[in-house]
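In: Okay, predicted coordinates and the sequence, questions at the end:
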Amino acid sequence: MSAHATVRKDLSGVLEASMCIGCGACQFADPTVEVRLDPVKLIYEPSHASNATAASVCPAVAVDFEGLQAWRFPGAEQTTFGVVHSVLLAQSTNRDRNLKASSGGLVKELLLHYLDQPEVDGVLALGHVDGIEFETRLVTDPAGVDELPGSIYHNLAQPKAIELLHQLEGKYVLVAIPCQLEGIFSYIRTLAPELADKIHTTIGLLCGWQYSHHALRAIAEFKKVDYDAITDISFRGEGPVGRLRMWTGDQVHAVGRRVDFDYQVAFDRSFNTPRCHTCINHSNYLADIVVGDAWLPSTVSSTTGVSLLVCRTAEADAAVRVLEKEERVKVVEVSTAEIEESQKRRVVFGDFAYAYADYLDEIGVHHPDMVGPNRPAAELAPRKDVAKFYRELTRKLALQRAGRYKYLRVRKATVELPRHMAKYLDWFFVRILRVKSLTGRRKEVPRAQLREFS
Ligand SMILES: Cc1cc2nc3c(=O)[nH]c(=O)nc-3n(C[C@H](O)[C@H](O)[C@H](O)COP(=O)(O)OP(=O)(O)OC[C@H]3O[C@@H](n4cnc5c(N)ncnc54)[C@H](O)[C@@H]3O)c2cc1C
Ligand code: SF4
Ligand code: SF4
């Protein structure tokens, strides 16, 4: 990695390249920093470049995966999937909870299990505040667990988790996306080791991307929803895929997430927070247990949703087995092949992200310095593809920041249409027709094994 592209002395590179993901760690490293929404980029960013101490904990500057993993899981074997104890498909047997949840309702089942343990004082998980605002909250009462939202896909300011860890005494189960955990653990390891003992278990979400608030503004404009009047938002629930729902008071505005063309425009990859394109930790290497969607041909007929779990420790696996014994979840043991199939190579191994980081280096654009355990397995995307992506992204971000969402819709309906259609064809052939199994490239989990799943 060339030194010029990764700025480590402060957060200036993060600001220039719009690489902040809003974890909030810098605020605690330097109390003069405030993480706030940039009115043009519509992502959360630090108020100023701060100093080397803030930079030392910032996951948009660098993440020491090797050191953090050794610190989190001492002595554990590293694989290209991170530390793996077991990989499971699982589903809550509580149909209502499962239907409301994003995938199989496993996060909430696990939270309820942990709240029952005498050594756990509470859980720290994202809750709704107001409008499109969400922040980590302390939950000690089981009734509070089912009030937590499903997956929130837009960019949030997340300093509350560290704030609560500082304020509270005792032991807590923490739910977080991967880059949030990178910030929290970098901060704790470097500047606040006394907080480490307050974390009993981390439940990490698998995370493919998040979106800037431009995505929400664009979909609100396309669907004629008053953006400033949104009182609540939900991206998932009602089955495996779910609809985006925006509430303005009593009125609900629902948008299909799989086929609605406006949704496809507003939630195009160019609306992601820019760091997501460099992310190599979608599988949450720092969490004890990782929960994602099982997007597999064998789970495609699920009417409620199935979770893919990666237990990184024996304790995490044991927690799931207790739930299974109590018949609160159904579980099928699978292998790391299911992580790859469910999430695609670029998500698991960073084929695009590592190549993109090399390209940003080459052109002198700041990006987080990150080498994950998946690096040996990465098959780098061709330079011409990442260069083209960068050119297109730069142009699209300028259009978004100028509020020209309709132009992006026209573009998707014309020049980008073949690419857009190819995505659907790929989904149809791989997930529905099971073309990989038919051609012997993959062995599916037999449907009989999943017959008890709804
Ligand atoms: C931004 C984002 C992107 C994701 N991308 C993928 C993906 O590409 N592939 C995949 O397989 N899975 C992805 N997931 C995970 C997936 O959507 C589900 O969250 C996961 O499978 C857990 O489902 P569940 O039914 O057990 O949880 P749910 O019952 O839906 O509970 C979700 C839990 O996560 C917490 N939470 C929700 N949003 C956030 C957030 N933004 N930050 C921190 N905590 C949050 C809530 O408090 C709740 O406790 C993503 C999640 C997020 C938040
Ligand atoms: S990524 Fe986190 S630590 Fe870095 S600037 Fe953003 S909020 Fe601060
Ligand atoms: S894709 Fe990576 S950078 Fe983006 S929100 Fe998810 S964990 Fe963070």
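Out: All right, it came through fine. Ligands and ions are numbered 1, 2, ... in the order given.
In: how near is whatever residue of the stretch 51-200 of the chain ends up closest to ligand 2 to A49?
Out: Closest to ligand 2 within the stretch 51-200 of the chain is C58: 3.3 Å, counting by Cβ to the nearest ligand atom. Bear in mind the C-beta positions are built from the backbone N, C-alpha and C, glycine included. Relative to A49, C58 is positioned 11 Å away (Cβ to Cβ, to the nearest Å).
In: Now do the shared contacts for these two.
Out: L11 (Cβ atoms under 8 Å, 6 or more residues apart in numbering).
In: State the number of residues packed around the residue nearest to the residue of the stretch 51-200 of the chain closest to ligand 2 when sequence neighbours are not counted.
Out: With Cβ to Cβ, 6 or more residues apart in numbering as the criterion, C58 has its nearest non-adjacent residue at 5.5 Å, and that residue is C26. Neighbours of C26 under the rule other Cβ atoms under 10 Å: 35.
In: longest single strand anywhere in this structure?
Out: Determined from DSSP state E, the single longest strand within the chain is strand 122-130.
In: now the end-to-end length of stretch 265-272.
Out: 12 Å (Cα to Cα, to the nearest Å).
In: what is the rounded mean pLDDT of it?
Out: On average, the pLDDT along stretch 265-272 is 96.
In: ok, residues contacting it?
Out: Contacts of stretch 265-272 (Cβ under 8 Å, 6+ apart): 153, 209-212, 214-216, 218-219, 222, 257, 277, 392-393, 396-397, 400, 405, 408-409, 412.
In: For the helix or strand where L408 lies, buried residues please.
Out: Here L408 is covered by helix 405-413, with elements defined by DSSP states H and E. Within helix 405-413, the residues that count as buried by 16 or more other Cβ atoms under 10 Å are Y405, L408, R409, R411, K412.
In: what's it packed up against?
Out: Applying 3 or more Cβ pairs under 8 Å, 6 or more residues apart in numbering; DSSP states H and E, one finds that helix 405-413 contacts helix 213-222, helix 261-266, helix 383-401.
In: Give me the distance from the second one to the chain's centre.
Out: Here helix 261-266 is found 20 Å from its chain centre; the criterion is Cα atoms, centre = their mean, to the nearest Å.
In: Which element is encountered next along the chain beyond it?
Out: Counting by DSSP H and E, the element after helix 261-266 in chain order, helix or strand, is strand 289-293.
In: Kindly export that following strand (C-alpha atoms) in PDB.
Out: Output of strand 289-293 as PDB, limited to C-alpha atoms (Å, rounded to 0.1, in the frame of the first residue of the first chain):
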ATOM      1  CA  ILE A 289     -21.900 -14.600  16.400                       C
ATOM      2  CA  VAL A 290     -22.800 -13.300  12.900                       C
ATOM      3  CA  VAL A 291     -26.400 -13.200  11.600                       C
ATOM      4  CA  GLY A 292     -27.300 -12.700   8.000                       C
ATOM      5  CA  ASP A 293     -29.800 -13.800   5.400                       C
END
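In: okay, the angle between whichever helix or strand comes after it and strand 289-293?
Out: Where DSSP H and E defines the elements, the next helix or strand beyond strand 289-293 is strand 307-311. Following axes from the mean of the first three to the mean of the last three Cα atoms, to 10 degrees, one obtains 160 degrees for the angle between strand 307-311 and strand 289-293.
In: Contacts for the helix or strand hosting Y356, please.
Out: Element membership for Y356, per DSSP H and E: helix 351-362. With contact meaning Cβ under 8 Å, 6+ apart, helix 351-362 is reached by 1-2, 4-5, 17, 277-280, 345-346, 366-368, 370, 375, 378-383, 385-387, 389-390.
In: repeat that for 6 Å
Out: By Cβ atoms under 6 Å, 6 or more residues apart in numbering, the surrounding residues in contact with helix 351-362 are 2, 5, 277-280, 345-346, 367, 378-381, 386.
In: Quick check: what element follows that helix along the chain?
Out: strand 369-370.
In: Any idea how many residues pack against P142?
Out: P142, neighbours per other Cβ under 10 Å, totals 13.
In: Tell me how far it lies from I199.
Out: 20 Å.
In: so where does the residue of the stretch 101-250 of the chain found nearest ligand 1 fall, helix or strand?
Out: Nearest residue of the stretch 101-250 of the chain to ligand 1: G208, at 2.3 Å (Cβ to the nearest ligand atom). G208 is located outside every helix and strand, with elements delineated by DSSP H and E.
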